[in-house]
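Asker: Sequence first, predicted model second:
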Amino acid sequence: MVQPMHYRPFTSLRLLLWPLVIAVILSDFTFGARSAEAPLNASYAITAHGQSQTYNISLTELWVQRRNGGIDEMISVNQPTAQALAQHAGVVSETENAEVQIVVYPAGAPQIISNRRTISRVIMANVSADPLVIAQSNGLLWKSDVPGMPGYHYFTAPSSSAALTVSAAMRTQPGITSAEPLLARHYVTHFVPNDPLFTNQWHLLNTGQGGAAGGDVRVTNAWETVLGTGINIAIMDEGTEYIQEDLISNLNTNLGFDTLDGDLNANAEAGEFHGTAVAGVAAARGDNALGVSGAAPMATIIPIRLLAAGGANLSEQQIADGLLHSNFLMHVHNNSWGPNLAGQNIDVMSDTVSNAFVQATTFGRNGRGTIYVISSGNEGEIGGNANYIGQLNARESIAVGALNDQAERASYSNPGGNLTISAPAGLDSTRFQGTTTTDRMGSDGYNNTVPFPLGDYPNQNYTANFNGTSSAAPLVSGCIALILEANPNLGWRDVQEIIMTTATMNDTNHTGWLTNSAGFTFNNDYGAGMINADAGVQLATNWTNLGTVTNFSLAQTNLLEPIPDFSTNGITRSFEVDLPTDVRLEHVLLKLNATHGARGELEVAVISPHGTRCVVAELNNDVNSDYNYTFLSIQHWGELANGIWQVQLIDQRPGFGGILNALELCWYGTHTNVPTIGLTNPPTIPSGGHPRSRTATRGSTVFFNVDAQGTPPLTYQWITNGVVVPGNNAPIFAVTNVQAGHSGPYAVRIFNTFGNIISRNAELTVNIPPEITLQPNAQNVPVGNPVTFSVAALGNEPLSYQWRLNGVPIPGATSNSLSIANINPSNLGLYDVIVQNPISSIISSPAGLALTAPFSMVSPPSNGTFQFNIFGTDGQRLRIDGSSNLSDWTTLTTNTVSGTTTTFSDSNATNAFRYYRVVPLP
């Protein structure tokens, strides 16, 4: 097979190069002479897109591209060394008639598909010498120039491994500035199901259909590899309609259970709509040309009927029975229900329900633990809080908040320091787009009137108006089903950490975001952020499970300490934790016993030794007395336990004081891995221990944290944009007074006597609001003259501009300058400009526009004769009038031209007062 060649005009070296060119054309993959190929190393530093990154060669994979229409695929191998892998690749290439590429991953990064790269045979080099000579001397084929990049050329190596070794050698040769093998990565079409209402399911794929584009849970990428197959999702709710056309294929009614009637029939009864809608959000059958798709379109739905239409009075036994039903088979257990507290009470979880959670997470799912997903409640507009709902303070629960279609907190969604994650649901007091999901068949459900409710569908088997945290929870359940299909061995705590680690930080301008010392970000309105199914699936694929949980507690009793009424500082109690082996924390529980006339007046916060302050109770409308209650905080996840902890109580409304009787803090986590002295363990970084990407505002402080293990002592070398940061030998790295220049990748290399490892890159994105560096200037301009106002601004791109006159936007005035060609009195006033970017907006200082006199006197009048300079647009015809009383005007000149000096006579120039005006002529 003759390789296509690139033709170009020859220079004066034509006679010298001609034999070489002939040899290349006739050789058909006969590469230039070169000494034996250098051995293949285990890792290489490769520069791509201006950034250098160390890549490790995978000894267990090869990418095979078969020729002549064969199937391309990733094959599994098991080679002891990189050199042995290269030799095996050569054998595969010959026997399979294929191009075989070496597979690499960024050093320290998990081996997941999004991190996978393959080494192509193409080398891109910047050369000053003749590229044909360089190709011959290095055993390569010259392929072509690089379009638009003078001096850069493509070369083809005989193999993927040769591209690595030869490019490394070329970088040391004279006449070559750079030489890098081109990396390839896997691209796929994005799966979109054929369900006719899918385009309305903005919570699954938000392209801006009435909301903020991108404000979705990223399931479509995840669907390329997982659909929830083999994962059981229990929907404990009202009954689920067994014959719903888009659920029936995914329902397992044989495992159904009715806690109200005590039988196995969990079918929806009259007036029960909710459970059917919830089930559809989680796992309606996708890509079946019907209705909608669930987040996990191939998962199995297990219906558990706990509620009737309008709710139910439930005993703790009934709730526990529902939580434990067939729990050894339940992978995910969705609960879109809770107590009706009306923002004025708390709900204490019973011991029976608490024990049910413990049993299910200990023995459920073959000992890995059933995943409990629970809605945070819909009382956010009237003072509700997830921390006031007992079952959401269980360590075993995932508390879910709701977002509207702008990826902001839905007005009804309960906040809380125990909130784990958020998900889109919509339809709140500010945004009117709800969630599209399954409904009861025909007119039995929410979509039950003709003509149809505003915004609902003619097909009454579906509704567009489902909402609430009831809708957010099953969306999270569906995403977790995808994660569990990717890695069925995850424990229940691992799932919690994965969804928090990979959450999307939404509503970045919200002032409630905090970053704890372990690098996790939290917000009482959002938990860790919006769930990201794609990132969760990728991280789960090669996840190392958390270690065995440990717990300890400290109590202070018989305190009888007064809580001052309406006090700014309140009272603070301290707890010192001094463990011989520190604990990496997950959950922190606060047991509070206090006497108070109106407990809703109290703000209660737990503060870690690292300064992370989690508010677990806030000012609200609860006028009931006393606390004997347990709060949960997840905002200390990943932090180390040792140090001084504080509990703070502040009375925020006048009326009642109180007495603090007792406090107890309970910590849960895993012991940090400190190897036995004498072992020779090089540094390692567990899956959840890498620094996490951060988004920050200018002037703030950001923490990057690494959780490394290995034989001590460990030393740390932080790196940003490829440059080592001096003087930062610690696992926590603080970037203070964040500015635009701090943007970019951050990583850390960890050393000990036995080796070193570099972490994955964590990106710092700096949100810079617009800042005006040059204000528009006030101007005085003659009539008819042009004028230009200008502004200069800095900030995150894109910057947009809107000029205003006297506070009213000027149509079309949307650049950084405003020009007016011909000034007249209607243009007078105050001009300013609104400068906006995705972060915020700013208004410039006002700049006034005023008219100057259209003429000036050149010399004093002499015998009634004047000389005036006339201003304005050159060539404009004007006339000059005179008056002694500003009401009777006499024309003095009729053909004056602006931009000139004119002479005229006025017989009344000697009057006591004499006025002149200039009038433009048509």
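Answerer: Arrived safely. As the structure is a prediction and not an experimental result, all values here were calculated from the model.

Asker: Now do the phi/psi pair for residue 295.
Answerer: For residue 295, the backbone dihedrals (degrees, to the nearest 10) come out as phi -60, psi -30.

Asker: Near the nearest residue to it once chain neighbours are set aside, how many residues? Count them for me, please.
Answerer: Using C-beta to C-beta, 6 or more residues apart in numbering and skipping the chain neighbours, the partner closest in space to residue 295 is residue 478 (2.6 Å). Placement of C-beta: from N, CA and C, glycine included. One way to gauge burial is a neighbour count; for residue 478, by other C-beta atoms under 10 Å, it gives 31.

Asker: Would you mind measuring from residue 478 to residue 227?
Answerer: Relative to residue 227, residue 478 is positioned 10 Å away (criterion: C-beta to C-beta, to the nearest Å).

Asker: The helix or strand hosting the residue nearest to residue 295: how far from the chain's middle?
Answerer: With elements taken from DSSP states H and E, the one containing residue 478 is helix 469-486. Distance of helix 469-486 from its chain centroid, counting by C-alpha atoms, centre = their mean, to the nearest Å, is 18 Å.

Asker: pLDDT (mean, whole number) over that helix?
Answerer: Here helix 469-486 scores 98 as its mean pLDDT.

Asker: Export it to CSV, keeping only CA atoms.
Answerer: Output of helix 469-486 as CSV, limited to C-alpha atoms (Å, rounded to 0.1, in the frame of the first residue of the first chain):
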residue,chain,number,x,y,z
THR,A,469,-38.3,17.2,46.8
SER,A,470,-40.5,14.2,46.1
SER,A,471,-39.3,14.6,42.5
ALA,A,472,-35.7,15.3,43.3
ALA,A,473,-35.3,12.2,45.5
PRO,A,474,-36.1,9.6,42.8
LEU,A,475,-33.9,11.4,40.4
VAL,A,476,-31.0,10.8,42.8
SER,A,477,-32.1,7.2,43.3
GLY,A,478,-32.0,6.7,39.5
CYS,A,479,-28.5,8.2,39.3
ILE,A,480,-27.3,6.0,42.2
ALA,A,481,-28.7,2.9,40.3
LEU,A,482,-26.4,3.9,37.4
ILE,A,483,-23.4,4.2,39.8
LEU,A,484,-24.2,0.8,41.4
GLU,A,485,-24.4,-0.9,38.0
ALA,A,486,-20.9,0.5,37.3
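
Asker: Run the chain-centre distance for the helix or strand just after it.
Answerer: Proceeding C-terminally, helix 469-486 gives way to helix 492-501 as the next helix or strand, assigned by DSSP H and E. Average the C-alpha atoms of helix 492-501, do the same for its chain, and the two points are 17 Å apart (C-alpha atoms, centre = their mean).

Asker: which residues are in contact with helix 492-501?
Answerer: Taking contacts as C-beta atoms under 8 Å, 6 or more residues apart in numbering, the residues outside helix 492-501 that touch it are 361, 365, 368-372, 396, 398, 420-421, 476, 479-480, 483-484, 490, 520, 527-528, 531, 536, 539-540, 543, 545-546, 549, 586, 634, 637, 688, 692.

Asker: and the angle from it to helix 469-486?
Answerer: Our comparison of helix 492-501 with helix 469-486, counting by axes from the mean of the first three to the mean of the last three C-alpha atoms, to 10 degrees, yields an angle of 110 degrees.

Asker: Tell me which strands the following helix or strand past helix 492-501 pairs with, and in which orientation.
Answerer: Tracing the chain past helix 492-501, the next element assigned as helix or strand by DSSP H and E is strand 514-515. Looking at strand 514-515 with DSSP bridges, its partner strands are strand 521-522 (antiparallel).

Asker: pLDDT averaged over whichever helix or strand comes after the strand it pairs with - what is it?
Answerer: Past strand 521-522, further along toward the C-terminus, the next helix or strand under DSSP H and E is helix 533-541. Per-residue pLDDT over helix 533-541 has a mean of 93.

Asker: need the strands for the stretch 801-922 of the chain, in chain order.
Answerer: 808-809, 817-820, 829-836, 841-843, 847-852, 855-862, 865-870, 877-883, 890-897, 901-905, 915-920 (DSSP state E, counting those that start in this stretch).

Asker: Packed most tightly, which of these would that be?
Answerer: With neighbours defined as mean count of other C-beta atoms under 10 Å, those peak in mean count at strand 829-836, which reaches a mean of 20.

Asker: For it, name the packing helices and strands.
Answerer: In terms of contacts (3 or more C-beta pairs under 8 Å, 6 or more residues apart in numbering; DSSP states H and E), strand 829-836 is packed against strand 800-805, strand 841-843, strand 847-852.

Asker: how about the ones you listed in JSON lines, adding mean pLDDT and distance to residue 42?
Answerer: As requested, these are arranged in JSON lines below (pLDDT from 0 to 100; distance: least, C-beta to C-beta, whole Å):
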{"stretch": "strand 800-805", "mean pLDDT": "95", "distance to residue 42": "50"}
{"stretch": "strand 841-843", "mean pLDDT": "90", "distance to residue 42": "52"}
{"stretch": "strand 847-852", "mean pLDDT": "84", "distance to residue 42": "64"}
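
Asker: closest one to residue 770 among the ones you listed?
Answerer: With C-beta to C-beta as the criterion, residue 770 lies closest to strand 841-843 of these, at 5.0 Å.

Asker: Residue 619 reaches residue 599, doesn't it?
Answerer: No - with contact defined as C-beta atoms under 8 Å, residue 619 does not reach residue 599; the gap is 10.7 Å.

Asker: Around the spatially closest residue to residue 115 that is not a sequence neighbour, how many other residues sit close by?
Answerer: Using C-beta to C-beta, 6+ apart and skipping residues adjacent in sequence, the residue nearest residue 115 is residue 109, 4.6 Å away. Other residues near residue 109 number 19, with proximity taken as other C-beta under 10 Å.
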